[in-house]
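In: Give me coordinates for this.
(2 chains)
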Amino acid sequence: MARKQSAPEAAIRFVDDRLGAAGFLRRSFNKVFPDHWSFMLGEIALYSFIILLLSGVYLTLWFNPGTAIVEYDGSYVPLKGVEMTQAYASSLDISFDVRGGLFMRQVHHWAALLFVAAMAVHLMRVFFTGAFRKPRELNWVIGATLLILGILEGFAGYSLPDDLLSGTGLRIGYAIMESIPVVGTYAAFFVFGGEFPGETFIARLYPIHILLIPGIILGLITAHLMMIWYQKHTQFPGEGRTEHNVVGMKFLPIYMAKAGGFFFLVFAVTALLSGLAQINPIWLFGPYNPTQVTAGSQPDWYMGFMDGAVRAMVNWETNVFGHTISWNIFLPAIVLPGLIFTLMLLYPFLEQWATGDREHHNLLDRPRYRPNRTALGAMALTFYLLLLVEGGNDIIAYKFHLSVNAITWFVRIGLIVLPPIAFMVTRRICLGLQRKDDELVHHGVETGTIKRLESGEFVEVTAPVSEPTKVVLTSRPDEAPVLVGAPVGDGDRRQRLRPRKPGVLRRWVNRFMVEEGGDGHARRPSGEAGDEQAKTLTRH
Amino acid sequence: MSDRDEPKTSYDAGGDIRKRLRSPAPISGQGSPEENEAVSVADARAGSRGGGVEGEGAVLRGGQQGAPGGGVGAYEQRFVQEAGTAPSRHVGSQAAAEPPEEVYPAPVETPPRKTDVDPAAAKRLERIIAALFLLPVLGVILVFFAVIRWQPAEDGLVALRAQNMLIGIALFLALGGIGAGAVAWARGLMSAQEWVQKRHPFTSSDEEIDGTVNDLQAGIADSGLPRRSLIKRSLGLSLGILPLAALPLLRDLGPLPYKKLRTTAWKRGARLVDEGTGQPIKLGDLRIGGMATVIPPGVHSHTELAKAAALLIRTRPGELRGDTRQKWTVDGHVAYSKICTHAGCPISLYEQQTKHLFCPCHQSTFDIVDGAHVVFGPAARPLPQLPIAVDKDGYFVATSDFREPVGPSFWERG
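Out: Next up is the predicted model:
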């Protein structure tokens, strides 16, 4: 015991004596993380959630979700003496009579917008690079669930202050519940404690917003991160990178310092936005009053697609045997989001079903190598963006002096016409990029130097691409997995034991997704023939 | 392997592995003698190492003596062979005293940065990072200043805006200083060494899976569940029925709808009270083309107002036509429910030129001179018309409640 321990040694020994964690810590310190800017999108979501927790706790210290009517007696003169709920009055107090309260409200709101936006963009990254493929399907499901919960949590949050805008959102929410066939009226009455707006809903929403949903989100984020940690992060193709390794920086100290620093940077940007850019100025909207509404009522951006769907929907309603079904709300506000989110949650399994690919994948796809998937994504995005545009049709009409009716008709038709066009265009672009890669590999980079051959022929001198670039350009998987008789793959023994002939639908989808002809792979010039082809291409 | 040039780094070895993995030979275990030898070399190394091997040294470093390029390849070969048989975690536990070398990453040849070769540049960066780390001091001072300098409660909105702005900028400096400093430190001064680390198959061996499946089946069999169908079914029933206990406990979440959505606070003789002024409206109060939001007298409850809100609009005499119930109008005055039949927003925009009511929520548009039928948008039904008359004092009154439910549709509406 005479030997004096260094501080790190003492710390490690302390932990190991109690938890036996030295080995775990050593492996963790040495964990290698691949680096790419797009891997930081998920981090932004994580950090904005932490900011939301911090600023949210701050707001709870003053917010009062009561719906009793009080007469406002705070610092904001225009509303002095106006009757309002305690929820709205306390939101005003946070904005005007708590030092820094307005700032924290704006931090909370900006961070919420950022949280959902970062999750959405992160999801796109994971989708387009195929990071969701086996073995990471479960983490995709968790991530997609987090996005859905984030949207609900945001809606719950901006409904709490009980201002005119948030009350209007809840009014529509009530109508959406009413539109559910058979049980809709009962659902609405039980959720709101009677007719809209009632006197209990804000108080009910509050624990859901500050406890229930954030608790679930926190649990799922923990699971999400543990799975990333355990399965190791995917990486883009590159020199020395294989399906069986990770190339990057060690967790200690580089990744720790970078990720920790990035948290502060995200927080800094949120703080700057909250200081300079006003958001949700509830004092301008006034207290909720069911007889009033403001022009240009807009939900937060992540609810915009749903509002857009409701706006674009044609006015169908049926009345059969004394029962009314409000298709104009039920389809766009319940069926459509249900369909979108179900497809999103199941996508990894659907693609696996279509391609029969049951391999483990640790190298990411470059989006161009999966033209059909990329095109599907572009198609979905087009659909989504059209709905988002429609959600702001009144604002767009006002700002650009357009007819709101014309925008709505454009979106109605566009929702049917544009996604397939987006699919075809994206697919062509992907194939074109593949051919360009092949040309670069086989033909080289153009140097701009023209050489005249003895025969009098002119050729351009090309330089071979650098080795690291070449690795990336030739990283296209050798062949697309093709469903022949039974799914391929190493892990799933059930499939091996019971090979089953795929059904007609599955074969059709499979042919569309991967096989040649429908496949979406540019013909790859290979070997000498390919080089010949490349040369021929060059000379003409 | 050995007749190849030795790769300069294990990084190259990684690239080599990839090529080898694509060829079926090593996977099927029919590698060349050299490769098999490589396995034994690597194994020998693993065995010969006692405790206390350094983390860095423990990795197979290409070019290192005793670790030919095949060393990593050998691992990779084992990796492939083991993929279906045994998880490497278990392999690791065979050498219990020493974690398997493959757990720890191997360095990759990394080009030096300016700060690696130029001590002056490193020193300069160090000073910049230190300056960034000092920004929070300034930021915190500014936050104190902002909160003490302005008292929005007394000085009003301008002070609030200034205070808010300064807090934002101050915290941007403080948080950004820490963040930028940390990132610059990591990028410029911490080691730029890149590492390559093996991925370990985390799937279990077939034996392990079989064992698990057997144990699970044995456990189920031990419980007798499959055999004792009486227990199975009664348990299933009880678990299925248990959640029903929650229903009566949740009964008081809300009242039953009954006919509540079918009626509003309007009744025969109720005066039309201007929602803004609180005064009843007399015939002649509205100009032609004028509009007022009207509510029944003495109604303050939001829940009642959410259904009862109506619009009284004065049109030119003779202008009302079509589906408008002429008997329910007075001298060009007509009253409609203000609550949109689509999603229940109060319709607030009235376009005098076209005589259209426009809902700002989803742009449903209603034609007020023609029974408020839907001209555009997602609403399916016209706005219900409120029957009105003028009482003996000249005030507008309702002659009854709305004759149909107002607001959005619901299942029982009929």
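In: How much space separates A:Tyr206 from chain B?
Out: A:Tyr206 sits 16 Å away from chain B, going by Cβ to the nearest Cβ, to the nearest Å. Glycine gets a C-beta too; all of them are placed from N, C-alpha and C.
In: name the helices or strands packed onto the helix or strand hosting that residue?
Out: Take DSSP states H and E as the rule and A:Tyr206 turns out to sit in helix A:201-207. For helix A:201-207, the packing partners by 3 or more Cβ pairs under 8 Å, 6 or more residues apart in numbering or on different chains; DSSP states H and E come out as helix A:137-159, helix A:184-192.
In: For B:Arg314, find the nearest of those helices.
Out: helix A:184-192 (35.3 Å; Cβ to Cβ).
In: Show me what that closest one is in contact with.
Out: Residues outside helix A:184-192 that contact it (Cβ atoms under 8 Å, 6 or more residues apart in numbering or on different chains): A:174, A:177-178, A:180, A:195-196, A:198, A:200-201, A:204, B:250, B:253-257, B:261, B:410-412.
In: Select only the buried ones of these in ChimeraX?
Out: A single ChimeraX command selects the buried members of the contacts of helix A:184-192 (16 or more other Cβ atoms under 10 Å in any protein chain shown):
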select /A:174,177,178,180,195,196,198,200,201 /B:254,257,261,410,411,412
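In: quick revisit: switch the helices and strands packed on helix A:201-207 over to TSV; also include mean neighbour count.
Out: Shown next, in TSV, are the helices and strands packed on helix A:201-207 (neighbours: other Cβ atoms under 10 Å in any protein chain shown):
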stretch	mean neighbour count
helix A:137-159	20
helix A:184-192	21
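In: Dump the ones you listed into a markdown table; add mean pLDDT as well.
Out: Output for the helices and strands packed on helix A:201-207, formatted as a markdown table (pLDDT from 0 to 100):
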| stretch | mean pLDDT |
| --- | --- |
| helix A:137-159 | 97 |
| helix A:184-192 | 96 |
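In: Turn these into CSV, including distance to B:Leu134.
Out: Output for those, formatted as CSV (distance: least, Cβ to Cβ, whole Å):
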stretch, distance to B:Leu134
helix A:137-159, 36
helix A:184-192, 53
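In: right, and those - which one's nearest B:Lys232?
Out: Ranking the helices and strands packed on helix A:201-207 by proximity to B:Lys232 (Cβ to Cβ) places helix A:137-159 first, at 29.5 Å.
In: Could you tell me which other helices and strands the closest one packs against?
Out: If contacts are counted by 3+ Cβ pairs under 8 Å, 6+ apart, helix A:137-159 sits against helix A:101-128, helix A:164-178, helix A:201-207, helix A:213-231, helix A:301-312, helix A:336-355.
In: out of the ones you listed, nearest to B:Val294?
Out: Each of these was scored for nearness to B:Val294 using Cβ to Cβ, and the closest is helix A:164-178 (19.3 Å).
In: That closest one: which residues count as buried?
Out: Neighbour-count burial for helix A:164-178 flags A:164-178 (criterion: 16+ other Cβ under 10 Å).
In: by how many degrees do it and helix A:184-192 diverge?
Out: 140 degrees (axes from the mean of the first three to the mean of the last three Cα atoms, to 10 degrees).
In: near chain B at all, helix A:164-178?
Out: Yes. Interface with chain B: helix A:164-178 contributes A:Thr168, A:Arg171, A:Ile172, A:Tyr174, A:Ala175, A:Ile176, A:Glu178 (Cβ under 8 Å from any Cβ of the partner chain).
In: just checking, what packs against that helix?
Out: Counting contacts by 3+ Cβ pairs under 8 Å, 6+ apart, helix A:164-178 is packed against helix A:137-159, helix A:184-192, helix A:282-285, helix A:301-312, helix A:327-330.
In: Could you check how sure the model is about that helix, as an average pLDDT?
Out: Summarised as a single mean, pLDDT over helix A:164-178 is 96.
In: chain center to that helix, what's the gap?
Out: With Cα atoms, centre = their mean, to the nearest Å as the basis, helix A:164-178 stands 25 Å off its chain's centre.
In: which residues touch residue 261?
Out: Since you didn't name a chain, this refers to chain A. In this structure, A:Gly261 makes contact with B:Ile178, B:Gly179, B:Ala180, B:Gly181, B:Ala182, B:Val183, B:Trp185, B:Ala186, judged by Cβ under 8 Å, 6+ apart.
In: could you do chain B instead?
Out: By Cβ under 8 Å, 6+ apart, the residues touching B:Leu261 are A:Thr185, A:Glu195, B:Lys307, B:Pro405, B:Gly407, B:Phe410, B:Glu412, B:Arg413.
In: repeat that with 7 Å
Out: Applying Cβ atoms under 7 Å, 6 or more residues apart in numbering or on different chains, one finds that B:Leu261 lies in contact with A:Thr185, A:Glu195, B:Pro405, B:Phe410.
In: Give me the subset of the residues you listed that lies in helices.
Out: A:Thr185 (DSSP state H).
In: can you tell me which of the contacts of B:Leu261 lies nearest to A:Gly392?
Out: Within the contacts of B:Leu261, the smallest distance to A:Gly392 is 28.4 Å, found for B:Phe410 (Cβ to Cβ).
In: Remind me which helix or strand the residue in chain A that chain B sits nearest to belongs to.
Out: Across chain A, the shortest distance to chain B (Cβ to the nearest Cβ) belongs to A:Gly275, at 1.0 Å. Assigned by DSSP H and E, A:Gly275 belongs to helix A:256-276.
In: what angle separates that helix from helix A:101-128?
Out: Here the directions of helix A:256-276 and helix A:101-128 differ by 130 degrees (the same axes, to 10 degrees).
In: mind listing what's buried in helix A:256-276?
Out: Neighbour counts using 16+ other Cβ under 10 Å place A:256-275 of helix A:256-276 among the buried residues.
In: who in the stretch 301-414 of chain B is up against chain A?
Out: By Cβ under 7 Å from any Cβ of the partner chain, the residues of the stretch 301-414 of chain B that approach chain A are B:302-303, B:305-306, B:309, B:338, B:342-346, B:348-349, B:360-363, B:374, B:376-381, B:408-414.
In: Tell me which residue is most central in the chain.
Out: Just so you know, I chose chain A. A:Ala120 (1.8 Å; Cα atoms, centre = their mean).
In: meant chain B actually
Out: The residue lying closest to the centre of chain B (Cα atoms, centre = their mean) is B:Cys361, at 23.7 Å.
In: I'd assumed A:Ser297 was in contact with that residue.
Out: Yes. Assessed by Cβ atoms under 7 Å, B:Cys361 is found in contact with A:Ser297 at 5.5 Å.
In: Need the overlap of contacts for the two.
Out: In contact with both B:Cys361 and A:Ser297: A:Thr168, using Cβ under 7 Å, 6+ apart.
In: Count the neighbours of A:Leu433 for me.
Out: Per other Cβ atoms under 10 Å in any protein chain shown, the neighbour tally for A:Leu433 reads 17.
In: Helix or strand for it, just tell me which one.
Out: helix A:404-443.
In: now swap in B:Phe366 and tell me
Out: In this assignment (DSSP H and E), B:Phe366 forms part of strand B:365-367.
In: just the helices in chain B please.
Out: Secondary structure of chain B (DSSP H): helices at B:10-22, B:24-27, B:33-48, B:55-58, B:70-82, B:88-94, B:114-117, B:119-149, B:152-155, B:157-184, B:206-223, B:229-241, B:246-249, B:302-308.
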